[in-house]
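Undergrad: predicted model and sequence follow; I will ask about them next.
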Amino acid sequence: MRIKAPCWYYGEELLKMLRRAVKKSGCDCIALSGGIDSSLVLLASLLEGIKPKGYIAVYRGGLPKDIAFANYLSKKFNIDAELVFIEPYRSEDLRKSITECIGEENLNSHLDGGCIEFRNDAVFYSVIKKARDDRCRCIYTGSGGDELFAGYSFLLSLGEEDLDNSIRMLSYGRFPEVEIAKCLNMNAFFPFLDEPIRDLSLQIPIYCLRSSRMMRKEILREILGESWLGMIAERMKAPAESGSGTKDMCISRFDERFLPLIFLQDLEGQPSILQHVVVVVEEYVDLFRL
């Protein structure tokens, strides 16, 4: 049940809970993208006196968007940060390793031959494996921020009841990075998925998640903005595949240039598949509303 209260109140409570969660786990490393979610986890850890080493995924064959933001955080807070390069010539080996972790069915969960899942999972697999090889005690990730705080663009157009139902469904959905960390035998901690934080997030009024600015995850942006991280707070959402550049690893039939054709030929009369695709390809959801 969502309980009406000032957004600043929920922002303060959320940051307190995040601080308790990161202090409890005491990780010494973080998957750092410079996005809203991982930046807030980093902020909470710094406020608790923890300075985790950042790992930034970079695909050499792509155009990564995260580097500037992650480097900004590294320099601002004087934390160590390392680029984890994903080499194009190792793509097939990486895909095989990921498939061994999550299974072929999950790899192809988007019905595109496994491309979209691979492009996103490659980021987490590479970073988590590097942290393990570097003997990190554990690693933080910002997983769950999009699901709990309305980070997907298709959620912006939903009515309050539908949005609430969608968030509740997504918040208990599948998170591949959890499976990957377990497969790699690496201790990973996902603060947003900590049960007290998940419970609190489901009480936050919709108007604190989605305001008239329609920026998504408004409450998280407010926390960052009030903590002198306006550059991060105003950043547009970039999925893992775009932020790291792995979007160029393979071609999915759901990439923007193919979407109108897919809508007309493959998804007509199949609303369940259409809804699934919209979650994945959030930047191009408007094309499905022709």
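TA: Sure thing, it's come through. No experiment lies behind these values; they were computed from the predicted model shown.

Undergrad: for the rest of this, base every contact and every neighbour count on C-alpha atoms.
TA: Noted.

Undergrad: which stretches of the stretch 101-250 of the chain form helices?
TA: Using DSSP state H, counting those that start in this stretch, the helices of the stretch 101-250 of the chain run over 104-107, 115-133, 145-148, 160-171, 176-183, 195-201, 206-209, 218-226, 230-233, 240-244.

Undergrad: would you turn the ones you listed into TSV with mean neighbour count and distance to residue 254?
TA: What follows is the helices of the stretch 101-250 of the chain, written out as TSV (neighbours: other C-alpha atoms under 10 Å; distance: least, C-alpha to C-alpha, whole Å):
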stretch	mean neighbour count	distance to residue 254
helix 104-107	16	15
helix 115-133	23	8
helix 145-148	23	20
helix 160-171	16	21
helix 176-183	19	20
helix 195-201	17	31
helix 206-209	20	28
helix 218-226	20	28
helix 230-233	18	28
helix 240-244	24	14
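
Undergrad: closest to residue 75 out of the ones you listed?
TA: Nearest to residue 75, of all these, is helix 230-233, at 13.5 Å by C-alpha to C-alpha.

Undergrad: model confidence over the closest one, on average?
TA: Helix 230-233 carries an average pLDDT of 96.

Undergrad: what's it packed up against?
TA: Packing partners of helix 230-233 (3 or more C-alpha pairs under 8 Å, 6 or more residues apart in numbering; DSSP states H and E): helix 36-47, helix 218-226.

Undergrad: which other helices and strands contact the shortest one?
TA: What it means is helix 218-226. Helices and strands touching helix 218-226, as assessed by 3+ C-alpha pairs under 8 Å, 6+ apart, comprise helix 7-25, helix 36-47, helix 206-209, helix 230-233.

Undergrad: which residue is the nearest non-sequential neighbour of the spatially most central residue of the chain?
TA: Central residue of the chain (C-alpha atoms, centre = their mean): residue 143, 5.0 Å from the mean position. Leaving out its chain neighbours, the residue that sits closest to residue 143 by C-alpha to C-alpha, 6 or more residues apart in numbering is residue 190, at 5.9 Å.

Undergrad: for residue 114, same thing?
TA: residue 108 (3.9 Å).

Undergrad: domains of this protein?
TA: Split into domains by automatic domain parsing, the chain comes to 7-251, 253-290.

Undergrad: contacts only, for residue 131.
TA: 29, 55, 138-139 (C-alpha atoms under 8 Å, 6 or more residues apart in numbering).

Undergrad: which residue packs closest to residue 45, ignoring adjacent ones?
TA: Residue 45 sits nearest to residue 22 (C-alpha to C-alpha, 6+ apart), 5.8 Å away.

Undergrad: could you pull up the residues touching the one you found?
TA: Residues in contact with residue 22 (C-alpha under 8 Å, 6+ apart) are 41, 44-45, 48, 191.
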